[in-house]
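S.K.: Requesting a structural model of the entry that follows:
(4 chains)
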Number of protein chains: 2
Amino acid sequence: MENIYIALKTIKKMAGEKNTVFISSKELANEMNVSQQTASRIIISLDRLGYITRTLENRKQKITINDSGLDVLYREYNEISSILRFSQELKLVGAVQNGLGEGKYYISKKGYKDQFIAKLGIDPYPGTLNIKILNEYENNLRRIKNSDGIYITGFKDQQRTFGGVFCHAARIDGIRCFIIFPERSVYRDTFEVISEKYLRKELNLENGEIIEVLASIDGKL
Amino acid sequence: MENIYIALKTIKKMAGEKNTVFISSKELANEMNVSQQTASRIIISLDRLGYITRTLENRKQKITINDSGLDVLYREYNEISSILRFSQELKLVGAVQNGLGEGKYYISKKGYKDQFIAKLGIDPYPGTLNIKILNEYENNLRRIKNSDGIYITGFKDQQRTFGGVFCHAARIDGIRCFIIFPERSVYRDTFEVISEKYLRKELNLENGEIIEVLASIDGKL
DNA sequence: ATTACTAGGGCACGAGTAG
DNA sequence: TCTACTCGTGCCCTAGTAA
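M.R.: All right, here's what the predicted structure looks like:
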């Protein structure tokens, strides 16, 4: 059903900056030029597919677009943007954060490390740089997350399972690095960066310092 | 038929930078996940609607996406971009050109001038600045042209008819101006700018000089 | 008011096939 | 091979209506 994109687009349009909106099936129907019944069916199926969450309040229903619903929109945006050949470089601005120190543990795991070398062409510094993104750059971060990254497959060792990771080429002050997203993760306002260099030292970064990351959604950086 | 956008998107994707591609209905069918028959029907209807031009050559057909077809894609791009609240400021870079001097004639016409004052809030200098856009900014110009501009209605005087004009807010070196597109016009690689100031003098522009125009697709500039 | 179920019809789809 | 016509099926839409 290709109406999914159009339906989500329309709902997002009506919801505005927030992702929640009180909307009747009749209103959505008018906006989409379909019957009330069709709009109702669309809403039901969006709900079943997990793209929206809704609560039937006293009169109208309250609809919230889920992250997976937003993903549909961001993926379409990336696709048309790429097809029309618009710039694929996005700026992410955020504050350097104190990591939990677990980055070092993960990055050093042979199961990951070997793939970083093979697929990314870097032997990463054992640690991640955590960045809390500024509000106004959140949609850029979503675009990155919905673009095709380089996939690092998960693995198991004696103790536990390590999930897959998506990597997206980026640069900070010209230094080559990668933004990494765990495969199974919810949206957060922070992201992690790995690099061959020890970025904190190389760029003399302090906690809270605002930095700019230039990311690519087509891997060319 | 909502497949029009998807069909045009797919064709453009297969055509790449050029807008022409040799493609069989079977190939388009595979790419769109529909039957060959449906793809054929889609191609026929895109042709009838004027979105594409095609020539049935010896084997495969040669399909060219027309400007009106590209318009569909650029409008969708503008819409989703706006809904997801991405930056609406686009850079246009081009070379200052010798106008034909007719700009002065048009701009001075009372039928236009009164509307410029009322709708744009400027009493324009009688003349237009012609700019030939650089190749790599052509898609930005298309985006502007497919965004909602301010409409100046056409009129008649004793001699002839003057067509409508769409105006898009812009700035050159901080100076407020408007990019204008005649309503009935084909795509060209040049565009015209009007402003209260005499831009050529104000910015000390010479023919061939490369300048940057910052345009907006939501009128906020 | 709402949402959403059930019927019924139209239209779009794919199979078969001609040119 | 291609394109694209015809035809039959089925899906999706809207109207009516219950809750």
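S.K.: C-alpha coordinates for the helix or strand hosting residue A:114, PDB please?
M.R.: Secondary structure from DSSP states H and E places residue A:114 in helix A:110-115. The C-alpha trace of helix A:110-115 is given here as PDB (Å, rounded to 0.1, in the frame of the first residue of the first chain):
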ATOM      1  CA  LYS A 110      37.800  -8.300  17.900                       C
ATOM      2  CA  GLY A 111      34.400  -9.100  16.400                       C
ATOM      3  CA  TYR A 112      33.900  -5.400  15.700                       C
ATOM      4  CA  LYS A 113      37.500  -4.300  15.300                       C
ATOM      5  CA  ASP A 114      38.200  -6.600  12.400                       C
ATOM      6  CA  GLN A 115      35.200  -5.400  10.500                       C
END
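S.K.: Average pLDDT for that helix, rounded please.
M.R.: Regarding helix A:110-115, the rounded mean pLDDT is 97.
S.K.: For chain A, just list every one of the strands.
M.R.: Taking DSSP state E to define them, one finds strands in chain A at A:20-23, A:52-56, A:61-65, A:89-97, A:129-133, A:150-152, A:155-156, A:161-162, A:165-172, A:175-182, A:190-194, A:210-216.
S.K.: Not counting its neighbours along the chain, what's nearest the residue nearest in space to the middle of chain A?
M.R.: Centroid-nearest residue in chain A, with CA atoms, centre = their mean: residue A:145, separated by 3.0 Å. Of all residues not flanking residue A:145 in the chain, residue A:181 sits nearest, at 5.7 Å (CB to CB, 6 or more residues apart in numbering or on different chains). Placement of C-beta: from N, CA and C, glycine included.
S.K.: Quick check: buried residues in stretch A:151-161?
M.R.: residue A:152 (16 or more other CB atoms under 10 Å in any protein chain shown).
S.K.: quick one: contacts of that stretch?
M.R.: Contacts with stretch A:151-161, where a contact means CB atoms under 8 Å, 6 or more residues apart in numbering or on different chains, come from A:109, A:111-112, A:115-116, A:119, A:162-167, A:183.
S.K.: Mark which of the residues you listed are buried, thanks.
M.R.: By 16+ other CB under 10 Å, those give A:112, A:115-116, A:162, A:165-167 as buried.
S.K.: now these as a markdown table including distance to DNA strand D?
M.R.: Converted to a markdown table, the buried ones among the contacts of stretch A:151-161 look like this (distance: CB to the nearest atom of the strand, whole Å):
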| residue | distance to DNA strand D |
| --- | --- |
| A:112 | 42 |
| A:115 | 39 |
| A:116 | 43 |
| A:162 | 40 |
| A:165 | 36 |
| A:166 | 32 |
| A:167 | 37 |
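S.K.: Nearest to chain B among the residues you listed?
M.R.: Distance to chain B across these (CB to the nearest CB) is lowest for residue A:166, with 20.5 Å.
S.K.: Contact partners for the closest one?
M.R.: Counting by CB under 8 Å, 6+ apart, residue A:166 touches A:145, A:149-152, A:180-181, A:183.
S.K.: what does residue A:70 give?
M.R.: Residue A:70 makes contacts with A:12, A:19, A:142, as judged by CB under 8 Å, 6+ apart.
S.K.: Tell me the buried residues in the longest helix belonging to chain A?
M.R.: When chain A is parsed with DSSP state H, its longest helix is helix A:67-83. Of all the residues in helix A:67-83, those buried under the rule 16+ other CB under 10 Å are A:69-78, A:80-81, A:83.
S.K.: Around the closest residue in space to residue A:133 that isn't next to it in sequence, count how many other residues there are.
M.R.: Nearest residue to residue A:133, sequence neighbours excluded (CB to CB, 6+ apart): residue A:94, at 4.0 Å. Using other CB atoms under 10 Å in any protein chain shown, residue A:94 has 22 neighbouring residues.
S.K.: Residue A:129 is in contact with residue A:94, correct?
M.R.: No - the criterion here is CB atoms under 8 Å, and residue A:94 misses it with residue A:129 at 10.3 Å.
S.K.: Put the alpha carbons of the longest helix of chain A into PDB.
M.R.: Extracted C-alpha coordinates of helix A:67-83, given in PDB (Å, rounded to 0.1, in the frame of the first residue of the first chain):
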ATOM      1  CA  ASP A  67       9.900   6.800  15.100                       C
ATOM      2  CA  SER A  68       9.300   4.100  12.500                       C
ATOM      3  CA  GLY A  69       6.600   6.300  10.900                       C
ATOM      4  CA  LEU A  70       9.100   9.200  10.800                       C
ATOM      5  CA  ASP A  71      11.600   6.800   9.300                       C
ATOM      6  CA  VAL A  72       9.300   6.300   6.300                       C
ATOM      7  CA  LEU A  73       9.300  10.100   5.700                       C
ATOM      8  CA  TYR A  74      13.000  10.600   6.200                       C
ATOM      9  CA  ARG A  75      13.800   7.700   3.900                       C
ATOM     10  CA  GLU A  76      11.600   9.100   1.200                       C
ATOM     11  CA  TYR A  77      13.300  12.500   1.700                       C
ATOM     12  CA  ASN A  78      16.700  10.900   1.400                       C
ATOM     13  CA  GLU A  79      15.700   9.000  -1.700                       C
ATOM     14  CA  ILE A  80      14.300  11.900  -3.700                       C
ATOM     15  CA  SER A  81      17.100  14.100  -2.500                       C
ATOM     16  CA  SER A  82      19.600  11.600  -3.800                       C
ATOM     17  CA  ILE A  83      17.700  11.100  -7.100                       C
END
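S.K.: residues contacting the residue nearest to residue A:61 when sequence neighbours are not counted?
M.R.: Distances taken as CB to CB, 6+ apart put residue A:54 closest to residue A:61, at 5.0 Å, once the chain neighbours are dropped. Neighbour list for residue A:54: A:43, A:47, A:61-64 [criterion: CB under 8 Å, 6+ apart].
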